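> Here is a sequence together with a model predicted from it:
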Protein chains: 2
Amino acid sequence: MTSSTPARPPGRPRSGINDVVFATTLSTVHELGYARATVERIAAAAGIAKTTIYRRWPTKGALIVDCLLDAFGPVPLEGDGRAEIIASAIRWTAGKLGEPGVGDAFAGVFSDGVSDPELREILSSRLQDPYRLALQEALGEPEHRVLFLIDVVIGTLLHRMGMTGEPMVDGDVDALVEMVLSFFR
Amino acid sequence: MTSSTPARPPGRPRSGINDVVFATTLSTVHELGYARATVERIAAAAGIAKTTIYRRWPTKGALIVDCLLDAFGPVPLEGDGRAEIIASAIRWTAGKLGEPGVGDAFAGVFSDGVSDPELREILSSRLQDPYRLALQEALGEPEHRVLFLIDVVIGTLLHRMGMTGEPMVDGDVDALVEMVLSFFR
DNA sequence: AAGTTTCGATACCTATGGTTTCGAAACCCA
DNA sequence: TGGGTTTCGAAACCATAGGTATCGAAACTT
C-alpha cells in the first residue's frame, strides 16, 4: 500500500505561503481596491516573488477565487425549517461580504468575469456550484430556484457594495431576509 | 434679447456623431464583450478617430454611462397602483438589460466602478439618481426603500447576466416581480 | 554527490486607457 | 476673399497591468 502515505514528490517542496498570500490579497484589495491590487503589489506585500504566485495560480482571477473560497468556507446550514436555514445563510453571506476586502474582491472578480468566459466558468463551477448544491440538498429546492435565490442574495448585496462602496447595513439585510422568505416560505 | 437663439459658438461645429457612437458602442460591446470593446475599436467601427471620442467623453466609463442613458431613456411609470407600477418597471428594466450590448455594458461599467470611486460617483448621480427620484415620487416610498428596490432588481438581473452571460429568462423575471411585490405591496 | 523542483530577480511582451501634437477641414465674421 | 476659432483625423506617445521567459540559487530525495 504505497498510497496511504503519498510519497513526497521529488525536488524542492513548495513553501507554505498560501495562507499568507490569501491574507495579503484581501488586505491589499481592502486598502487599494480590486483594480489597484495588482499581482505585483500583492506579491511584494506578501514578501514573495510575482512569479511564485503565477506558478500556483494561472490568473489573477483564479487567485481571487481561491482566496474567496478560503475566506468563505462552507456555508452553515443550521436551523430547523427552511425559513431558518435561508435566513441564517443570507446573514452569513452578508457578514462574509462585509469583511474587509472580501466584498471588494468578490465584486472585482465578478466584474472581470463579465467579459471573460473562462473566468466566468471558474466562478460558476468553483465558487457558485458548491454552495448551490449544498443549498439544493438542504432546502429540497430544484436547481433553478436555488440559482434564483443566489442571484437575488449575491446580486443585491454586491450591487449595494458596488454602488456605495460600503457593505449593506443590517436593517437592509433584515429587509432582504424578509423579502426572500416571503417568497420561499 | 440675444439669448433667445443661443449664438452658435465660433469655430468648426461638432459633427453629429453621438448617435452613431452610441449605436456602435453597444454593438461592439455586444460582439466583443466589455473589456475587449476598447475605445480604439469603437472609434474605428464608428469611422471616427479615437481622439474625437476622448474630446467628448473624458473616460470610457463616462461614454458607457451616456450610452446607457441613451439606451434606457426615462422609466415608464404607467399603471394604476404601486403594484402595477413596480411590476411594469421591473419588466421594462429586464427588457432593456436584455437588449444586445446593454446588459454587458451595464455590468461592465458597474464592475469598473467597484474600484474607481470617480466612476462610481458618475454611476450613482447620472444613472441611478434620476430613476431613484422618479420612483420615489411615483411610489411614495422613502429613499432607502427605493434604493433597496433598485439594489434587488438591478443586482439580481446583473448577477444572472454576469454568471451566465445571458439575460434572465421570462419565467425568472416573473418570479422576481412576484417576490418584490410580496414585499412592497 | 546527482537529480529534480521551487524560489527570487529581472527583463520582457502585449493590451488598454488616456494624452499630446500637428496639419487639415469647417464654420463665422468682416 | 481672408483671418480667427474650433473640431477632426492621424500618429506617436506614456503609464499601468496581466502574464511569460530566463537563469542562477536554494531545498529537498535518493
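Here it is on my side, so go on.

> for chain A, where's the lowest mean pLDDT among helices and strands?
helix A:102-114 (a mean of 92; mean pLDDT, DSSP states H and E).

> can you tell me if that one touches DNA strand C.
No - remark: helix A:102-114 sits outside contact range of DNA strand C, by CB under 7 Å from any atom of the strand, the gap being at least 12.4 Å. In short, each C-beta sits where N, CA and C put it, glycine included.

> For the residue in chain A that DNA strand C sits nearest to, give me the pLDDT.
Closest to DNA strand C within chain A is residue A:11: 1.9 Å, counting by CB to the nearest atom of the strand. Note on residue A:11: pLDDT of 91.

> So what does it have for phi and psi?
Dihedral angles phi and psi of residue A:11 (degrees, to the nearest 10) take the values phi 90, psi 180.

> for it, what are its contacts?
With contact set as CB atoms under 8 Å, 6 or more residues apart in numbering or on different chains, residue A:11 has no partners.

> Could you look up the SS state of residue A:12?
Applying DSSP: H, G, I helix; E, B strand; the rest coil to residue A:12 yields a three-state assignment of coil.

> And for it, the neighbour number?
5 (other CB atoms under 10 Å in any protein chain shown).

> those helices in chain A, which residues are they?
A:18-32, A:39-46, A:50-56, A:60-72, A:82-98, A:102-114, A:117-122, A:129-139, A:143-164, A:170-184 (DSSP state H).

> Around DNA strand C, pick out the residues from chain A.
Close to DNA strand C, as judged by CB under 7 Å from any atom of the strand, chain A has residues A:9-15, A:17, A:47-52, A:55-56.

> Try it again at 6 Å.
A:9, A:10, A:11, A:12, A:14, A:15, A:48, A:49, A:50, A:51, A:52, A:55 (CB under 6 Å from any atom of the strand).

> show me what contacts the closest residue to residue A:91 other than its chain neighbours?
The shortest distance from residue A:91 to any residue other than its chain neighbours is 6.4 Å, reached at residue A:173 (CB to CB, 6 or more residues apart in numbering or on different chains). Taking CB under 8 Å, 6+ apart, we find residue A:173 in contact with A:90, A:91, A:94.

> okay if I get those residues as CSV plus pLDDT, distance to DNA strand D and neighbour count?
Formatted as CSV, these follow (pLDDT from 0 to 100; distance: CB to the nearest atom of the strand, whole Å; neighbours: other CB atoms under 10 Å in any protein chain shown):
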residue, pLDDT, distance to DNA strand D, neighbour count
A:90, 98, 31, 22
A:91, 98, 32, 16
A:94, 98, 27, 23
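
> how near is residue A:165 to residue A:97?
13 Å (CB to CB, to the nearest Å).

> who's more crowded, the two?
residue A:97 (24 against 17).

> what about residue A:69, neighbour count?
The number of residues packed near residue A:69 is 14, by other CB under 10 Å.

> Next: residue A:132.
If we define neighbours as other CB under 10 Å, then residue A:132 has 16 of them.

> Also residue A:32?
Residue A:32: 17 neighbours (other CB under 10 Å).

> Please apply the same query to residue A:92.
Neighbours of residue A:92 using other CB under 10 Å come to 16.

> Look at it and report its pLDDT.
Taking residue A:92 on its own, its pLDDT is 98.

> give the contact list for the nearest residue to it once chain neighbours are set aside.
Among residues not flanking residue A:92 along the chain, residue A:76 sits closest, at 5.8 Å (CB to CB, 6+ apart). If you count contacts by CB under 8 Å, 6+ apart, residue A:76 has them with A:88, A:89, A:92.

> Spit out the contact partners of the residue nearest in space to the middle of chain A.
With distances taken as CA atoms, centre = their mean, residue A:68 lies nearest the centre of chain A, 3.4 Å away. By CB under 8 Å, 6+ apart, the contact set of residue A:68 is A:102, A:105, A:106, A:109, A:127.

> who's in contact with whichever residue of chain A sits closest to chain B?
Using CB to the nearest CB, residue A:111 is the residue of chain A that sits closest to chain B, at 2.2 Å. Residue A:111 sits next to A:34, B:107, B:108, B:110, B:111, B:112, B:114, B:162 when contact means CB under 8 Å, 6+ apart.

> For residue A:153, see how far away it is.
For residue A:111 relative to residue A:153 (CB to CB), the value is 18 Å.

> How far does stretch A:134-148 stretch from one end to the other?
Using CA to CA, to the nearest Å, one end of stretch A:134-148 lies 15 Å from the other.

> got a list of contacts for that stretch?
So stretch A:134-148 is contacted by A:74-75, A:77, A:82, A:85-86, A:89, A:132, A:149-150, A:184, B:172, B:175-176 (CB under 8 Å, 6+ apart).

> Mind doing that once more with 6 Å?
Residues from elsewhere that reach stretch A:134-148, judged by CB atoms under 6 Å, 6 or more residues apart in numbering or on different chains: A:75, A:77, A:82, A:85, A:132, B:172, B:175.

> which residues sit in contact with the third one?
For residue A:82, the residues meeting the contact criterion (CB under 6 Å, 6+ apart) are residue A:139.

> Same check on the first one?
Contact partners of residue A:75, counting by CB under 6 Å, 6+ apart, are A:89, A:131, A:134.

> Apply 7 Å and report the result again.
A:89, A:92, A:131, A:134 (CB atoms under 7 Å, 6 or more residues apart in numbering or on different chains).

> and if you look at the second one?
Shown in contact with residue A:77 (CB under 7 Å, 6+ apart): A:85, A:89, A:134, A:138.

> let's see 6 Å
A:85, A:138.

> Stretch A:131-140: which residues count as buried?
Of all the residues in stretch A:131-140, those buried under the rule 16 or more other CB atoms under 10 Å in any protein chain shown are A:131, A:132, A:134, A:135, A:136, A:138, A:139.
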